[in-house]
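Student: what follows is a protein structure lacking sequence information:
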């Protein structure tokens, strides 16, 4: 077996090792599992041990994992809860972030590369922080709703920016094509909202525990259809995946709660049990550590980009902070808003492939994104006291419910 084939065996083994390592350190530090996946990927990749090499199969599975991550982010968003003022404030904050990010990008790469840097520094990893919020039972709180709005905007609007500013077409044509996609996506959302779902729900329920598994197959078809639409229109495929998640949430909103929970569990199993870990592990495998370590400038840029994420996204996120929020809550909001990785990986890959961003600078951005996933959620949720609330919840619940 060559190194790329060995990866088909090692990646599943590492996907099992990551949660075990996360559980092992949890009594001391609440480290997101993503951190272990990234570090393990780097360890077995060409940068260190060389046991796993990039390959076509893993590359495609990683793309599916990234699409599934954005699909899950779309399913998590309660648009009714964040619509209106929260979404408007978050959007204003993102625009401020983009301008500041492009300004920093101009100092480092005063050409098209500054747009790549600006988009990367204006992003928030909603798909990464949503599981953290869910585990801490924060999704329904005012704090959780603020982070959801910030994260939704911090993932969706950078995708829009990528489609317009980094398209192979001229900006006006790219904007017109993007508008076409938005209209088609809005039509799909409208149909999903208005169409009766009774028969669909019945068929999903009837096949929940059979080999038909219609609900799972329907979700995969929905993702494939909207991702294909994005690709056909020469837009980023993650736009389609994100919209697919929002459409699926609308479809299942009126389903009986036990059925909705059952199908959600199956989809989460495919996402977080299979495809998403492959994306993060493969991101570690393909991380260009050589370019990073070979460039003194890139090494210096890693902590600078990490600080820039916090300053840019954290300060802009204060626009969305709830009225009367204290210093701890505002700091937690800033930390989670500054957590970014998937968009950074996607936009830097485009920048390098289009030869508008130096690989060393791209590696520095991805490295800063990795550190943001390690450091910022840990500090944010420690300040929120999630462990104390979860311990209290366990004591209040009958044995076995949590």
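Tutor: Cool, got the structure. Every value quoted in this text rests on a predicted model; they were computed, and no experiment measured them.

Student: hmm, residue 343 and residue 123 touching each other?
Tutor: Yes: contact between residue 123 and residue 343 holds when scored by Cβ atoms under 8 Å: they sit 3.6 Å apart. Yep, even glycine has a C-beta here, placed from its N, CA and C like the rest.

Student: between these two, which is the more surrounded one?
Tutor: More crowded of residue 123 and residue 343, by other Cβ atoms under 10 Å: residue 123, with 34 against 29.

Student: can you pull the contacts of that one?
Tutor: 154, 155, 158, 313, 340, 342, 343, 344, 347 (Cβ atoms under 8 Å, 6 or more residues apart in numbering).

Student: one step back: overlap in contacts of residue 123 and residue 343?
Tutor: 154, 155, 158.

Student: which other helices and strands contact the helix or strand containing residue 333?
Tutor: According to DSSP states H and E, residue 333 maps onto helix 327-337. When contacts are defined as 3 or more Cβ pairs under 8 Å, 6 or more residues apart in numbering; DSSP states H and E, helix 327-337 packs onto helix 142-165, helix 296-317, helix 359-384.

Student: next, the angle from it to helix 359-384.
Tutor: For helix 327-337 against helix 359-384, the angle by axes from the mean of the first three to the mean of the last three Cα atoms, to 10 degrees is 150 degrees.

Student: which residues are in contact with the next helix or strand after helix 327-337?
Tutor: Reading on from helix 327-337 to the C-terminus, the next helix or strand found by DSSP H and E is helix 342-353. The contact list for helix 342-353, computed with Cβ under 8 Å, 6+ apart, reads 66, 69-70, 113, 116, 119-120, 123, 125, 127-128, 154-155, 158-159, 162, 166, 236, 238, 279, 283, 357, 359, 362, 365-366, 368-369.

Student: same thing but 7 Å
Tutor: Helix 342-353 has contacts (Cβ atoms under 7 Å, 6 or more residues apart in numbering) with 66, 69, 113, 116, 119-120, 123, 125, 127-128, 155, 158, 162, 166, 236, 238, 283, 357, 359, 362, 365-366, 369.

Student: out of the helices and strands packed on helix 327-337, flag the one nearest residue 289.
Tutor: The closest of the helices and strands packed on helix 327-337 to residue 289 is helix 359-384. By Cβ to Cβ, the value is 7.2 Å.

Student: that closest one: which residues count as buried?
Tutor: The neighbour-count check on helix 359-384 (16 or more other Cβ atoms under 10 Å) flags 359-378, 380-381, 383-384 as buried.
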